[in-house]
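Enquirer: Please find the sequence and the predicted model below.
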Amino acid sequence: MVDDANISGEKRSQSFEIIGGSPVMVRLRAQVARLLSRQIAGGRLPPILIEGETGTGKGLMARALHRCSMRSAEPFIDVDCAAIPDALLEAELFGYERGAFTDARQNKPGLFQLADRGMIFLDEIGLLPQSLQAKLLKVVEDRRVRRLGGTQSLIVDTWIITATNEDLAAATRARRFREDLYHRLAALTLRMPPLRERGDDILLLAERFLGRFCTQYGLPKKMLAADAKAAIMSHPWPGNVRELINLIERVVLLSDDRIVTADLLELSSCLQPNGSPPLATPTQEIPARLRRFGRIVDRGRLVQVLLEADWNLSLAAARLAVPRNTLRYWMVKLDVHPPGGPTPVETSRAGEWSAARLHVSNGASRNNSWNRVQSPEKLSGEAGPLWLGP
């Protein structure tokens, strides 16, 4: 048996499997390989912040880093900062002393202590209460924790990995996240690309999941038909890899057909009438705060939903699961209006939009006029932006 501590960083980086041959994944794989090859004795690297939309595999990346690091034999502690009530989070992370509060009948080590010599993964770090951000900063800087109700600081040797689907840089500017803590946690940054940016990797993953689930459930092997492949490639995948996994598993379980067609996938087509891919809004034109919670809105998808709803904004907004104001904002932003109707015009006042009354193609007036439609960024306030997509 090979001693884990004697495995070189080069061998560990080679064992790190990141599926995909798209340029963005090749760059990510090279970045991870360099990180793992530069581990020093003890396997400690600076804190790593993993950024990416929901469903891109941030948690999977954190586990893979642990598995391929020199700390693989030590604990891996996974903490979802959004799942633990604020009142309990401090005690969970840092522990508490007997008598620190009612029912604290004995000392309890915190999760940082349990992760000593290993790794702690703080998911949804952007939702960490501000009251705990200062204490976490102290742990990152001094590598010590003080239990709730305690008087002594305890040394911890923990590799800290954090993840977020927010734009933490924007959160610091909005004073929702401490800037000093952000710079400590983002000493190294890995970006998990959304599925829509991975090109042919989408089909590679779909076929891999299809084979895996057929084997897992003891079912005959299935194959993707040509129209199914086209539907998969044209879908925007707002839920990213997680959405793809759920779709493939559902098809495997609910269909007996050996050939998976587009009808079995039941994906809404996002192709334009000429069969070309949808027109996507350039990433640089969308504020970072709007990109962080979901997919980039594509014009083809928006027009399709509006056509299906006969340009009824209330119905279209309900199908997209967004408020009417968000729908109106994106119609103005992407210059979408009914055939023969007026082109929305952006006003000179920041964050406000106005447009003439909308008309359906036959000229009949609908009660869809609007004025002073605020952008999702302004409507969101401190709770985060409203977003177009499931």
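Expert: Nice, thanks for sending it over. Residues are numbered from 1 along each chain as shown.

Enquirer: Quick check: nearest residue in space to residue 136, chain neighbours excluded?
Expert: Once flanking residues are discounted, residue 136 sits nearest to residue 181: 6.4 Å by Cβ to Cβ, 6 or more residues apart in numbering. Quick note: C-beta positions are derived from backbone N, CA and C, even for glycine.

Enquirer: tell me which element the one you found is part of?
Expert: In this assignment (DSSP states H and E), residue 181 forms part of helix 179-185.

Enquirer: same thing with residue 59?
Expert: Assigned by DSSP H and E, residue 59 belongs to helix 58-67.

Enquirer: so where is the stretch 201-350 of the chain shaky, pLDDT-wise?
Expert: Counting by pLDDT under 70, the stretch 201-350 of the chain has low-confidence residues at 268-298, 321, 325, 340-350.

Enquirer: residue boundaries of the strands in it?
Expert: Listed in chain order, the strands of the stretch 201-350 of the chain (DSSP state E, counting those that start in this stretch) span residues 223-224, 259-260, 345-346.

Enquirer: Can you point out the buried residues in the helix holding residue 181?
Expert: By neighbour count with 16 or more other Cβ atoms under 10 Å, helix 179-185 contains the buried residues 181-182, 184-185.

Enquirer: Residues in contact with that helix: which ones?
Expert: Contact with helix 179-185 is made by 47, 49, 125, 133-134, 136-137, 140-141, 160, 162, 168-169, 171-172, as judged by Cβ atoms under 8 Å, 6 or more residues apart in numbering.

Enquirer: What of stretch 25-32?
Expert: Residues contacting stretch 25-32 (Cβ under 8 Å, 6+ apart): 13, 16, 18-20, 65, 190-193, 198, 201.

Enquirer: again, only this time at 10 Å
Expert: 13, 16-22, 48, 61, 64-65, 68, 188-193, 197-199, 201, 204 (Cβ atoms under 10 Å, 6 or more residues apart in numbering).

Enquirer: Filter those residues down to the buried ones, PyMOL style.
Expert: Paste this into PyMOL to select the buried members of the contacts of stretch 25-32, with burial taken from 16+ other Cβ under 10 Å:
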select buried, resi 13+16+18+20+22+48+61+64+65+68+190+192+193+197+198+199+201+204
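
Enquirer: Now go through the contacts of stretch 25-32 and say which are in strands.
Expert: Assigned to strands by DSSP state E, the following of the contacts of stretch 25-32 qualify: 48, 188-191.

Enquirer: Take those residues and lay them out in TSV including distance to residue 91 and pLDDT.
Expert: Putting the ones in strands among the contacts of stretch 25-32 into TSV (distance: Cβ to Cβ, whole Å; pLDDT from 0 to 100) gives the following:
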residue	distance to residue 91	pLDDT
48	26	96
188	29	93
189	30	95
190	30	96
191	33	95
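
Enquirer: got a markdown table for those, with distance to residue 78 too?
Expert: Converted to a markdown table, these look like this (distance: Cβ to Cβ, whole Å):
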| residue | distance to residue 78 |
| --- | --- |
| 48 | 15 |
| 188 | 19 |
| 189 | 20 |
| 190 | 17 |
| 191 | 20 |
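
Enquirer: Give me the buried stretch members for the helix holding residue 59, please.
Expert: 58-59, 61-62, 64-66.
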